[in-house]
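[1] give the three-dimensional model of this entry:
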Amino acid sequence: MVNRRSFLLGSSALALAPLLTACGANGEKLQIRALNQSIPPQLLREFEPGAAIRPAATLKDLLELLQRWQREPEPISGRWDWVPFVNRGTPALADLVTLGDSWLAIAIRANLIQPLELTTLPHWPQLPRRWQDLGRRDRQGFPTTDPQAPLWGAPYRWGTTMIVYREDVFQSLGWRPQDWADLWRPELRDRLSMVDQPREIIGLTLKKLGESYNSWDLAAIANLETELAALAPQVRYYSNHQYLHPLAIKETWAAVGWSTDILPALQNYPQFRAVVPPSGTALWADLWVAPQGRQLDRRAQDWIDFCWQGRSAQNISLFTQGAAPTMLNLPRDQWLPDLQTNAAQFPPTEILNRSEFLKPLPQAAQLQYDTLWRKLRSPQPL
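    So this is what the prediction gives:
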């Protein structure tokens with residue numbers, strides 16, 4: 001299943017992602033393939049003066065790069081590797097790669113990545129328990145509470161699914177969207193645009209009913225199909241690429257999407273307002289993972305720990321459209337002023353406690369979601 005931001009980033013963000021290269025004592029370069037705009041350039045310079053940013057890939061391409069590394073031999077590095085399209089072979093194997101949490105299970109099952117040693121890093125205790133557990137999976141990629149289970153990923157950035165709406169429209173209506181239930185109000189018939197993702201849309205409906213985003217047995221949840229049938233005429237557009245465009249031209253009045261898209265849109269469209277539903281929402285995270293076949297370098301671990309340090313966490317939160325997880329264990333009065341007041345980027349603790357990462361589902365449960373999604377998107381009534 002295509003996950004959040006997979007193709008969207010390819011169209012809305014720049015087509016280049018940073019590749020950090022830094023020389024160790026033996027002269028061999030540390031290579032980190034990072035998602036575009038997920039790491040501020042100053043962080044690279046602070047970690048290693050003279051670090052270079054080179055063309056790399058979007059989020060979707062990073063997973064494909066992990067797959068290519070396991071299919072093809074590593075090419076000999078040449079002097080023209082940095083020029084796009086000159087070296088058409090597989091890029092040299094990196095030490096660390098950004099991977100979205102929704103693709104972690106796929107990478108584990110396909111043996112694309114290897115476990116990381118994280119618990120001995122100095123700033124590991126600063127990572128909230130939920131973010132520590134995010135990368136702890138069994139060999140099938142399913143979350144586990146076994147403390148001996150491997151840690152496959154190190155989260156360094158996270159965000160939410162949220163509602164964005166037009167303040168000018170809702171001022172005239174005399175109310176503002178605050179929670180998922182508001183999306184069913186009759187005034188919003190044919191006035192919503194949403195991401196085209198079954199786990200997100202079925203998930204927010206589950207939240208409205210007081211259930212979990214990660215529910216396995218959808219058939220056992222009373223009124224779920226009825227609620228989805230009532231939501232269908234509210235939605236004018238489903239799109240992973242353009243769900244904010246109809247909002248900008250007032251064709252829709254509210255949208256459901258990802259914070260990485262919505263937070264910058266708030267700066268570009270003065271009439272946009274955003275809210276993280278207090279009943280809880282979906283969370284996402286970007287993680288560092290280690291490709292299979294590459295000997296783990298101590299400098300790679302140092303880089304992970306560097307991203308968790310207080311100054312680095314604040315820079316990630318201030319200069320990217322995400323939030324660093326270690327910020328959550330840093331007293332708020334130590335945050336930079338611009339971060340202290342940003343409730344859209346850092347929802348209150350009680351909302352985060354009711355929010356969930358989208359966990360991988362067993363095949364039978366995934367089939368239920370897919371079947372229900374097809375019913376929702378078909379012209380026939382549920």
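[2] need the contact list for Trp175.
    Contact analysis of Trp175 by CB atoms under 8 Å, 6 or more residues apart in numbering lists Asp182. From N, CA and C alone the C-beta is placed, and that goes for glycine too.
[3] confirm it sits in a helix?
    No - using DSSP: H, G, I helix; E, B strand; the rest coil, the assignment for Trp175 is coil, not a helix.
[4] would you map the strands across the stretch 151-300 of the chain?
    Counting by DSSP state E, counting those that start in this stretch, residue ranges of the strands within the stretch 151-300 of the chain are 154-166, 192-194, 235-238, 254-258, 272-275, 282-291.
[5] now render those as JSON lines, adding mean pLDDT, mean neighbour count and distance to Gln132.
    Below are these laid out as JSON lines (pLDDT from 0 to 100; neighbours: other CB atoms under 10 Å; distance: least, CB to CB, whole Å):
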{"stretch": "strand 154-166", "mean pLDDT": "98", "mean neighbour count": "25", "distance to Gln132": "9"}
{"stretch": "strand 192-194", "mean pLDDT": "98", "mean neighbour count": "25", "distance to Gln132": "32"}
{"stretch": "strand 235-238", "mean pLDDT": "96", "mean neighbour count": "18", "distance to Gln132": "34"}
{"stretch": "strand 254-258", "mean pLDDT": "98", "mean neighbour count": "26", "distance to Gln132": "23"}
{"stretch": "strand 272-275", "mean pLDDT": "98", "mean neighbour count": "19", "distance to Gln132": "28"}
{"stretch": "strand 282-291", "mean pLDDT": "96", "mean neighbour count": "24", "distance to Gln132": "12"}
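[6] can you tell me which of these comes nearest to Leu112?
    strand 282-291 (6.9 Å; CB to CB).
[7] now do that closest one against strand 154-166, angle only.
    What separates the directions of strand 282-291 and strand 154-166 is an angle of 150 degrees, with axes from the mean of the first three to the mean of the last three CA atoms, to 10 degrees.
[8] got the angle between strand 282-291 and strand 254-258?
    Computed by the same axes, to 10 degrees, the angle between strand 282-291 and strand 254-258 is 20 degrees.
[9] just the CA atoms of strand 282-291, as PDB, please.
    What follows is strand 282-291, C-alpha atoms only, in PDB (Å, rounded to 0.1, in the frame of the first residue of the first chain):
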ATOM      1  CA  ALA A 282      -2.500   9.600  12.800                       C
ATOM      2  CA  LEU A 283       1.300  10.200  13.400                       C
ATOM      3  CA  TRP A 284       4.100   9.600  11.000                       C
ATOM      4  CA  ALA A 285       7.900   9.600  11.400                       C
ATOM      5  CA  ASP A 286      11.000   9.700   9.300                       C
ATOM      6  CA  LEU A 287      13.700   7.200  10.600                       C
ATOM      7  CA  TRP A 288      17.300   6.600   9.900                       C
ATOM      8  CA  VAL A 289      17.800   3.000   8.700                       C
ATOM      9  CA  ALA A 290      21.000   1.000   7.900                       C
ATOM     10  CA  PRO A 291      21.100  -0.700   4.500                       C
END
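[10] circling back: dump the strands of the stretch 151-300 of the chain to CSV, plus distance to Leu62.
    CSV is the format used below for the strands of the stretch 151-300 of the chain (distance: least, CB to CB, whole Å):
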stretch, distance to Leu62
strand 154-166, 14
strand 192-194, 26
strand 235-238, 25
strand 254-258, 17
strand 272-275, 27
strand 282-291, 9
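[11] who wins for proximity to Ala229 among the ones you listed?
    Nearest of the strands of the stretch 151-300 of the chain to Ala229, taken as CB to CB: strand 235-238 at 11.8 Å.
[12] what does that closest one contact?
    Residues external to strand 235-238 that are found in contact with it (CB under 8 Å, 6+ apart): 190-196, 201, 243, 246, 251-252, 377.
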